[in-house]
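> attaching a predicted model along with its sequence, questions to come.
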Amino acid sequence: DFDLNAVTELLTYGRIISPGSKLATHKDSTAYPESFDVDLNHIYRSLDVIADNMDYIQKRLYHNSNTVVNRDTTVLYYDCTNYFFETEKADPIVVTEDGKNKPTLRQYGVSKEHRPNPIVQMGMFIDNTGFPIAMCINPGNTNEQTTLIPTEKIIVEGMGVEKIVVCTDGGLSSEDNRSYNSTSDRSFITVQSLKKLNEVYSNWALETKGWKLMPLTESQKEKRRLMNLKTDENPEMEFDLTSEDTARYYGDRTFYRERWIINEKTKFSQRIIVTFSFKYRDYLRALREREIEVAESDIKRGRSGKRRSKSPQRFISEAYATQEGEEAVYKTMALNLDAIAEEEKYDGFYAICTDLNDDADQILKMNHNRWESEDAFRVLKTDFKARPVFVWTDQHIKAHFMICFMALLIFRILERRLGYKYTSSQIIRTLRAMSFNILPGDGYRPNYTRTDITDALHETAGFRTDTEIITSLKMKRIIKDIKKC
């Protein structure tokens, strides 16, 4: 009845060029040089088809993108985020014909943006080249830890990618997830909270003696060569973090220690690597000093807020008093010095757990690239305006994020072809500004300023639209050639 590919193209281009509602995207369809013979009802009907075939679409996207760019799937980064809706009511639970409760997507949960609106949760895998490889959409009240394995099975079973290392942050590092990825073909690297370790391992991690130096990076070696300093070091030399000489001569270096730890109940063993940095310690202490100043200001004003894990109010203690046993109405506020001292113990320390036997610096290097996941979500939320979401049925919500996923993949391929010389915001602003004036009988006249980015885009695409008026015939040929790619 309609061209599904044309609808998908339009929605994907619209998400990059002019993100908005499906109705707004349909209205903008006439603004492209390529004509889209698409009705509004075609768009909404397409969303149902896309939602029903999400796993298949992700599989084909992966295999087809491999013919365009080389993808590195040896290390995969998984993270979750959530998106809010412009509504104040969560969806009701649906009861199926067999009497079971079926959860709907828009539910109240812990919002990353601290909004009171219903949310939906999105989990996404990013490969080692920064390209999205798989995603899932879940109700907003879903435990993030339970989403990793089902999404990973799309990659392992559906795409045939077997030998991988999965990197996650601390919030996704349940023992079930670690155990699932501790096989002959799969491994894991995950952030480990030192506060959640048992007392024996926590005390070991915070010991001041017995630390080794992380090997010098190439930039550090070059800097030392310029200063006529040695670049070869004894890897077995141990240091005391409380020594003044350690801080004086190695203040810009990272220290580490490692061991294998075992869960006595499950007998699951893993390797923990703990690092310490004086610079990181000083950075955290400087941040805390500013937070303490805010807390002191709130105490003077008698103002207390929600004690979130990263809010200054976590350093405020409150006490309620009464004179003769009636309801306590007198409140006193003060700095919680014990909470400050407890948090300060962990300044400068960072830990990860893994089942790999590689060198510690190589494992930490792999873990460092987890920023790719955070950047992908930033592009979706900020540049592609994936939220607030303006569709409301479960099928349409899933399709909306599938379109966002496709747009992100195409955009990452474009970034790769541009050699990563420009930021995502620079590229997107440039694309959105590249408009034309249509001259009857002549064709398309560029209505934008030529820049280094527009030159790079044209060079990558293999045609130009900025140096001359493009006739309608030539524009049709360009579009036809694109379709052959």
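Thanks, I have it. Only a predicted model underlies this, so the values are computations on that prediction, with no experimental measurement involved.

> switch to C-alpha atoms for all contacts and neighbour counts from now on
Fine.

> which strand or helix spans residue 402?
Using DSSP states H and E, residue 402 maps to helix 394-417.

> which positions in the helix or strand following that helix come out as buried?
Proceeding C-terminally, helix 394-417 gives way to helix 424-433 as the next helix or strand, assigned by DSSP H and E. Across helix 424-433, burial judged by 16 or more other CA atoms under 10 Å covers 424, 427-428, 430-431.

> reformat those as TSV; add pLDDT.
Formatted as TSV, those follow (pLDDT from 0 to 100):
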residue	pLDDT
424	94
427	97
428	96
430	96
431	95
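
> export those to TSV and append columns for distance to residue 145.
Formatted as TSV, the buried residues of helix 424-433 follow (distance: CA to CA, whole Å):
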residue	distance to residue 145
424	30
427	34
428	33
430	38
431	37
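
> number of nearby residues for residue 306?
Per other CA atoms under 10 Å, the neighbour tally for residue 306 reads 9.

> nope, residue 124 is what I meant
Other residues close to residue 124 by other CA under 10 Å number 25.

> that one pairs with what?
Legend: beta-bridge partners of residue 124 under DSSP bridges are residue 79, residue 135.

> wait, it touches residue 138, no?
No: contact criterion CA atoms under 8 Å: residue 124 and residue 138 do not qualify, at 11.4 Å.

> and residue 334, what helix or strand is that in?
With DSSP H and E as criterion, residue 334 is part of strand 330-335.

> run me through the strand neighbours of that strand, direction for each.
Strand pairing for strand 330-335, determined by DSSP bridges: strand 316-321 (antiparallel).

> could you give the mean pLDDT of the partner strand?
Mean per-residue pLDDT for strand 316-321: 80.

> and that strand, what's buried?
316-317.

> just name the shakiest helix or strand of the protein by mean pLDDT.
strand 94-95 (a mean of 76; mean pLDDT, DSSP states H and E).

> could you list the residues in contact with that one?
101-104 (CA atoms under 8 Å, 6 or more residues apart in numbering).

> list buried residues within those.
Applying 16+ other CA under 10 Å to these flags 103-104 as buried.

> dump the contacts of strand 94-95 to CSV, plus pLDDT.
Shown next, in CSV, are the contacts of strand 94-95 (pLDDT from 0 to 100):
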residue, pLDDT
101, 78
102, 80
103, 82
104, 91
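
> how about the closest residue to residue 355 other than its chain neighbours, secondary structure?
Distances taken as CA to CA, 6 or more residues apart in numbering put residue 270 closest to residue 355, at 5.3 Å, once the chain neighbours are dropped. Following DSSP: H, G, I helix; E, B strand; the rest coil, we place residue 270 in the strand state.

> do the same with residue 259
Strictly by three-state DSSP, residue 259 counts as strand.

> could you do residue 83 as well?
Applying three-state DSSP to residue 83 yields a three-state assignment of strand.

> ok, the one 4 residues further on next?
When classified by three-state DSSP, residue 87 comes out as coil.

> over to residue 60?
helix.

> thinking again about what came up before, any idea how far the least confident helix or strand of the chain is from the chain center?
32 Å (CA atoms, centre = their mean, to the nearest Å).

> contacts for the helix or strand following that strand?
Proceeding C-terminally, strand 94-95 gives way to strand 101-102 as the next helix or strand, assigned by DSSP H and E. Around strand 101-102, the neighbours that count as contacts under CA under 8 Å, 6+ apart are 93-96.

> partner strands of strand 101-102 and their direction?
Taking DSSP bridges as the criterion, strand 101-102 sits next to strand 94-95 (antiparallel) in its sheet.

> just confirm residue 166 is within a helix.
No: using three-state DSSP, the assignment for residue 166 is strand, not a helix.

> partner residues bridging it?
residue 76, residue 188.

> pretty sure it sits against residue 124.
No: using CA under 8 Å, residue 166 makes no contact with residue 124, being 12.0 Å away.
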